[in-house]
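1. got a predicted structure here, sequence first:
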Amino acid sequence: AQSVTQLGSHVSVSEGALVLLRCNYSSSVPPYLFWYVQYPNQGLQLLLKYTTGATLVKGINGFEAEFKKSETSFHLTKPSAHMSDAAEYFCAVSDVNNAGNMLTFGGGTRLMVKP
Amino acid sequence: KAGVTQTPRYLIKTRGQQVTLSCSPISGHRSVSWYQQTPGQGLQFLFEYFSETQRNKGNFPGRFSGRQFSNSRSEMNVSTLELGDSALYLCASSLALAASYEQYFGPGTRLTVT
């Protein structure tokens, strides 16, 4: 069974500072990896995904993530935080051997951006 | 292209009642999944449908059921509502039934059970 751990349920950064949101997975086979963002009273929006190929993945809104197999990690970063980045972020995995779209989500990290 | 739509957006029901939630996927998408989001349990997979067939099911009681129609629209039903069913129910659609394909989420239906 797969599981996803997001370290830090709340992260606070200053505007312009580096954003680092951590995600580690547990799976017998490296899964496909996704980062989603959720703004208040909205659904989830895909930021980026890793399936195969280059391990550094660039997404929307200046975010990127790097898949590190040896560390079973897929941390999300952004060089400079904006106030509009304040939201909840979810890391998710899907099983490469599963003939379906089922996602397993981490517990989420709420990002706060201070002016 | 219109996104995933869910109706209704908000719903208040009483314990013991049943409820039906509706989801219209993005045009051309044939896979629809449902998730429950609560503060305590986070995001949990309910079930997914493709070509009108349930393909996967999460660990939820039989009170939770769903179906998909020939136009890919989907409904989920919860019978004999309990207080713990209060949650945001999210629908997601995908172009194909494959783990590498991203899912596009709707805004959700906020269900409150009193």
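-> Thanks, I have the structure now. No experiment lies behind these values; they were computed from the predicted model shown.
2. nearest residue to the residue most central in space within chain B in space, please, no chain neighbours.
-> What sits nearest the mean C-alpha location of chain B, by CA atoms, centre = their mean, is B:W34, with 3.2 Å. Excluding the flanking residues, the one nearest B:W34 by CB to CB, 6 or more residues apart in numbering or on different chains is B:L46, at 4.1 Å. Heads up, the C-betas are built off the backbone N, CA and C, glycines and all.
3. just confirm A:V96 is within a strand.
-> No: using DSSP: H, G, I helix; E, B strand; the rest coil, the secondary structure at A:V96 is coil, not a strand.
4. quick one: contacts for it?
-> A:29-32, B:99-100 (CB atoms under 8 Å, 6 or more residues apart in numbering or on different chains).
5. next: A:T55.
-> Neighbours of A:T55 in contact, by CB under 8 Å, 6+ apart: A:66-69.
6. now do A:T104 against chain B, distance only.
-> Separation of A:T104 from chain B (CB to the nearest CB, to the nearest Å): 7 Å.
7. tell me the confidence at that residue?
-> For A:T104, the pLDDT comes out at 94.
8. pairing partners for it in the sheet, please.
-> Assessed by DSSP bridges, A:T104 has beta-bridge partners A:V93.
9. ditto for the one 5 residues further on
-> Under DSSP bridges, the beta-bridge partners of A:T109 are A:Y89.
10. hey, which helix or strand in chain B has the poorest pLDDT?
-> The weakest-scoring helix or strand in chain B, judged by mean pLDDT, DSSP states H and E, is strand B:53-57 (a mean of 93).
11. that strand pairs with which strands, and in what direction?
-> strand B:42-50 (antiparallel).
12. could you list the residues in contact with the partner strand?
-> Contacts of strand B:42-50 (CB under 8 Å, 6+ apart): A:90, A:92, A:100-108, B:30-38, B:54-60, B:64, B:66-68, B:74, B:76, B:89-90, B:97.
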